[in-house]
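>>> Below are the sequence and a predicted model; questions follow.
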Amino acid sequence: MRTKFRYMFFILLNVVLACITVIFILKSTPQLLVGLPPEHFPSNVGIFLAETTKTLEPSFLTLCAVESAARMYPDRPVFFYMNGLSKHMILGENSKHRALPMLSKIPNVHLQPLDFEEMLKDLPLNYWYQKINMSTECLWTLISSHAFRLALIWRYGGIYFDTNVISLKPIPDKEFVVCAYNLTHISNRIFGFPQNHQFLWDCMENFVKSYKGAAWGSKDPQLITRVLKNWCELPKLKNQEDSKCQNISYLHPIRFFPIPSGKQEKYFQTWDSKNTFENSYGLYFFNHMSHRHKQVVVGNNSLGEHLYIQYCPNTYEILVQNKCRSLQ
């Protein structure tokens, strides 16, 4: 009896030790960053964002854009493409890159390596990409970003968000969507289409045909505006109401640009609780504010800080733990 007891004890002890070993290995083993690619999901369901620089330390605004999108669309995969990410990249527990593991742990976020050649292959943009001299393009990061997003949504279908967009609520179920950023021009910062939609093919062809390098309007915002005008007479927006161009939903600027470019100072001012943005699906931060060294500061109770606390709390927590002051 005693021998049998000892035998059972040693078996149980070995099982416990094995479990502890497995847990230790799992905790100490570096984790693969790259998630599942869009091919593993149905078409037209993805939310897409992209970082075309080589950085592995995205700005806090970029992190907030990804996290807030994941929170607002919990039942949809969120793909964040990064030019600095490789397919087999791993980061250990003690890595200085804390933000990326945070994103990769969000259940519906899938980090993806950004491969221009693979994405543009067999598309109207490919010939342009192969011929262009990138070293002479002073705006190459921005130019390549505009090309990539068109190809991305054409291939997989879904919604594209710029990394300057903090999502506040889901866009209602609309397969085809573009958003005006003022009453005369359409932004390519937010748009959504089904896979292989002709409108995006027309945009890619127009991109190549009208390409003028540093001429900003040849790509954004005039590109989508030009193409939409070929599809219909540009709808007139009024009374904060959306409109239609054939079967394309044409969103009023209030949906993502309630604070226009000339009034971006409001993000850095003390938060007014009356600013609920109840008619908006998201908020766009214009880049020129960071170029003026405008920053949202932790602890100053600004509108920008309030948005981080409410819509991307994990990003805000990292920022506070790292004793950072700027949210951008």
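Sure thing, it's come through.

>>> for the stretch 51-200 of the chain, what are the low-confidence residue spans?
91-97 (pLDDT under 70).

>>> Tell me where it has helices.
60-72, 99-104, 116-120, 124-131, 140-156, 198-209 (DSSP state H, counting those that start in this stretch).

>>> what's the most buried one of these?
Among these, judged by mean count of other C-beta atoms under 10 Å, the one packed with the most neighbours on average is helix 60-72 (a mean of 25). Every residue, glycine included, has its C-beta placed from N, CA and C.

>>> how far is it from where the chain is centred?
7 Å (C-alpha atoms, centre = their mean, to the nearest Å).

>>> got the contact list for it?
For helix 60-72, contacts defined as C-beta atoms under 8 Å, 6 or more residues apart in numbering pick out 47, 49, 51, 58, 78, 80, 99, 102-103, 106, 108-109, 161-170, 282, 285, 290, 307-308, 311-312, 314-316, 318-319, 324, 326-328.

>>> how about TSV for the helices of the stretch 51-200 of the chain, with distance to residue 299 added?
Formatted as TSV, the helices of the stretch 51-200 of the chain follow (distance: least, C-beta to C-beta, whole Å):
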stretch	distance to residue 299
helix 60-72	15
helix 99-104	20
helix 116-120	40
helix 124-131	45
helix 140-156	32
helix 198-209	43
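
>>> Does the residue nearest the centre of the chain belong to a helix, a strand or coil?
Central residue of the chain (C-alpha atoms, centre = their mean): residue 49, 2.7 Å from the mean position. Taking DSSP: H, G, I helix; E, B strand; the rest coil as the rule, one finds residue 49 in the strand state.

>>> Tell me the pLDDT of it.
pLDDT recorded at residue 49 is 99.

>>> dump the residue contacts of it.
Contacts for residue 49 (C-beta under 8 Å, 6+ apart) come out as 62, 65-66, 69, 78-81, 160-163.

>>> Once you drop chain neighbours, what's closest to residue 237?
residue 252 (5.1 Å; C-beta to C-beta, 6 or more residues apart in numbering).

>>> quick one: the strands in this protein?
Taking DSSP state E, the strands of the chain run over residues 31-32, 46-51, 78-82, 90-91, 109-113, 158-161, 165-167, 177-180, 186-193, 243-245, 248-251, 282-284.

>>> JSON lines for those, including distance to residue 149?
Formatted as JSON lines, the strands of the chain follow (distance: least, C-beta to C-beta, whole Å):
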{"stretch": "strand 31-32", "distance to residue 149": "26"}
{"stretch": "strand 46-51", "distance to residue 149": "6"}
{"stretch": "strand 78-82", "distance to residue 149": "9"}
{"stretch": "strand 90-91", "distance to residue 149": "26"}
{"stretch": "strand 109-113", "distance to residue 149": "13"}
{"stretch": "strand 158-161", "distance to residue 149": "5"}
{"stretch": "strand 165-167", "distance to residue 149": "12"}
{"stretch": "strand 177-180", "distance to residue 149": "13"}
{"stretch": "strand 186-193", "distance to residue 149": "7"}
{"stretch": "strand 243-245", "distance to residue 149": "20"}
{"stretch": "strand 248-251", "distance to residue 149": "17"}
{"stretch": "strand 282-284", "distance to residue 149": "15"}
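
>>> Can you say which of those is nearest to residue 274?
Residue 274 lies closest to strand 282-284 among the strands of the chain, at 15.4 Å (C-beta to C-beta).

>>> can you give me how far the closest one is from the chain middle?
On C-alpha atoms, centre = their mean, the centre of strand 282-284 falls 12 Å from the chain's centre.

>>> Pull out the buried residues from it.
Within strand 282-284, the residues that qualify as buried are 282-284, counting by 16 or more other C-beta atoms under 10 Å.

>>> Packing partners of it?
On a contact count with 3 or more C-beta pairs under 8 Å, 6 or more residues apart in numbering; DSSP states H and E, strand 282-284 meets strand 165-167, strand 186-193.

>>> May I see those strands organised as CSV, with mean neighbour count and distance to residue 145 added?
Listed next are the helices and strands packed on strand 282-284 as CSV, based on neighbours: other C-beta atoms under 10 Å; distance: least, C-beta to C-beta, whole Å:
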stretch, mean neighbour count, distance to residue 145
strand 165-167, 26, 14
strand 186-193, 24, 10
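
>>> Distance to residue 228 added to those, as CSV?
Output for the helices and strands packed on strand 282-284, formatted as CSV (distance: least, C-beta to C-beta, whole Å):
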stretch, distance to residue 228
strand 165-167, 20
strand 186-193, 6
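
>>> I'd like to know which of these is closest to residue 116.
Closest to residue 116 of the helices and strands packed on strand 282-284 is strand 186-193 (C-beta to C-beta; 17.3 Å).

>>> Quick check: can you name the pairing partners of the closest one and their directions?
Here strand 186-193 is paired, per DSSP bridges, with strand 158-161 (antiparallel), strand 177-180 (antiparallel).

>>> Tell me which of the ones you listed sits most buried.
Highest mean neighbour count of the strands paired with strand 186-193: strand 158-161, a mean of 25 (counted as mean count of other C-beta under 10 Å).

>>> Great, nothing more from me.
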